[in-house]
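A.B. asks: predicted model, plus sequence, below.
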Amino acid sequence: MSRLQSIYQQAEFILASPDLRHCPPPDGVEIAFAGRSNAGKSSAINTLTGRKSLARTSKTPGRTREIVFFRLDDRHRLVDLPGYGYAKVPEAMKRQWQQHLSDYLQNRECLAGLILVMDVRHPLTEFDWQMLDWSQHVGLPVHILLTKADKLKRGPANTSLHQVRKLLKEEGFDQVTVQLFSALKKTGVEQGQIQMAKWLELEDRDQA
């Protein structure tokens, strides 16, 4: 196991906050995960950290209704943002979640990057584009995980990857990076971990 992997495996739950006011102090550096409630976000977090039940997975998508914080060490955190676009809840509650997401992305001073999780078979939904717009507005780097890549054969999966890259470039999101990912087959895990390490500034520690 690399030193980088051992750091991710130290991840532990800190707290779940209903809004920006109740988040931990904005010290250090953190990375947030966002995506549709059925895109495999929790599974991606668990796979990238090597912790099977760190983030709660559910057969009923949309259960995560708070901003959930995980501690790596005294200066580094991972954040699970509320899932969007699927949960069967009142419209007023959906608007409230959306406002919390916007507040967090635009005002969280220690946020270094956003991992945007999308099902490789259904990428770039309307709300995905909104997340990209918010991130671009505040200059926040974004890395997209096209999850459930095991559901497609290699050819169609790569076609989806290239189409997403093409659409992002056409819409002016040239700096957004994209990769294929599978929690089941562990596809793209190392690539995702390396991207996280860059934002968390962990590379030097791994090489020490």
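C.D. replies: Good, I have the coordinates.
A.B. asks: so which elements touch the longest strand seen in the chain?
C.D. replies: Longest strand in the chain by number of residues, with DSSP state E as the criterion: strand 111-119. The contact analysis (3 or more CB pairs under 8 Å, 6 or more residues apart in numbering; DSSP states H and E) places strand 111-119 against strand 29-35, helix 41-49, helix 91-107, helix 126-138, strand 142-147, helix 189-200. No exception for glycine: its C-beta is placed from N, CA and C like everyone else's.
A.B. asks: center of this protein - which residue?
C.D. replies: Geometric centre of the chain, nearest residue: residue 33, 2.1 Å, by CA atoms, centre = their mean.
A.B. asks: and the gap between it and residue 143?
C.D. replies: Distance of residue 33 to residue 143, computed by CB to CB, to the nearest Å: 10 Å.
A.B. asks: where does this structure dip in pLDDT?
C.D. replies: Flagging of the chain using pLDDT under 70 yields the residue ranges 1, 57-64, 85-89, 203-208.
A.B. asks: what's across from the residue nearest to residue 33 when sequence neighbours are not counted in the sheet?
C.D. replies: Setting aside the residues directly before and after it, residue 33 is nearest to residue 115 in space (CB to CB, 6 or more residues apart in numbering), at 4.7 Å. Beta bridges link residue 115 to residue 33, residue 143, judged by DSSP bridges.
A.B. asks: one more: residue 147?
C.D. replies: On the basis of DSSP bridges, residue 147 is bridged to residue 119.
A.B. asks: who are the contact partners of it?
C.D. replies: Listed by CB atoms under 8 Å, 6 or more residues apart in numbering, the contact set of residue 147 reads 35, 39-41, 43-44, 117-120, 181-183.
A.B. asks: so can I have CSV of those showing distance to residue 14 and neighbour count?
C.D. replies: Below are the contacts of residue 147 laid out as CSV (distance: CB to CB, whole Å; neighbours: other CB atoms under 10 Å):
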residue, distance to residue 14, neighbour count
35, 21, 28
39, 24, 29
40, 23, 25
41, 18, 28
43, 20, 19
44, 19, 25
117, 21, 26
118, 26, 26
119, 28, 19
120, 31, 25
181, 25, 28
182, 28, 23
183, 23, 23
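A.B. asks: export those residues to CSV and tack on distance to residue 202?
C.D. replies: Shown next, in CSV, are the contacts of residue 147 (distance: CB to CB, whole Å):
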residue, distance to residue 202
35, 23
39, 25
40, 24
41, 21
43, 22
44, 18
117, 21
118, 25
119, 28
120, 27
181, 19
182, 23
183, 21
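A.B. asks: from these, which is closest to residue 162?
C.D. replies: residue 120 (11.8 Å; CB to CB).
A.B. asks: for that closest one, give its distance to residue 72.
C.D. replies: In terms of CB to CB, residue 120 sits 27 Å off from residue 72.
A.B. asks: likewise for residue 105?
C.D. replies: 20 Å.
A.B. asks: now swap in residue 107 and tell me
C.D. replies: For residue 107, the distance to residue 72 - CB to CB - is 22 Å.
A.B. asks: quick check: the residue lying closest to residue 116 once chain neighbours are set aside vs residue 29, distance?
C.D. replies: Once flanking residues are discounted, residue 116 sits nearest to residue 144: 4.9 Å by CB to CB, 6+ apart. Here the distance between residue 144 and residue 29 works out to 20 Å (CB to CB).
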